[in-house]
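1. no sequence for this one, just the structure:
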């Protein structure tokens, strides 16, 4: 296992043992970083207006939408 993969796996494990629950903005950042690290760049189509706010926010967070 590479050093980078080991560091990523340790960060994932550490994120599951936080002393308190982060606020929603921080959770979204953690999720975006996890998705970026585990699956790579987001190449999916942007969610439509009728999709949930959470899915639109997650998409924009991983794609740096304005």
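-> Great, that's in hand. Quick caveat: nothing in here was measured; it's all calculated off a predicted structure.

2. so which elements touch the longest helix seen in the chain?
-> Using DSSP state H to define each element, the chain has its longest helix at helix 24-39. Applying 3 or more C-beta pairs under 8 Å, 6 or more residues apart in numbering; DSSP states H and E, one finds that helix 24-39 contacts helix 3-15, helix 53-63. Using the backbone N, CA and C atoms, a C-beta is placed for each residue, glycine as well.

3. mean pLDDT for those helices: which is lowest?
-> Ranked by mean pLDDT, the helices and strands packed on helix 24-39 bottom out at helix 53-63, which scores a mean of 64.

4. could you give the angle of the longest helix of the chain to helix 3-15?
-> 150 degrees (axes from the mean of the first three to the mean of the last three C-alpha atoms, to 10 degrees).

5. burial of residue 32, as a residue count?
-> 19 (other C-beta atoms under 10 Å).
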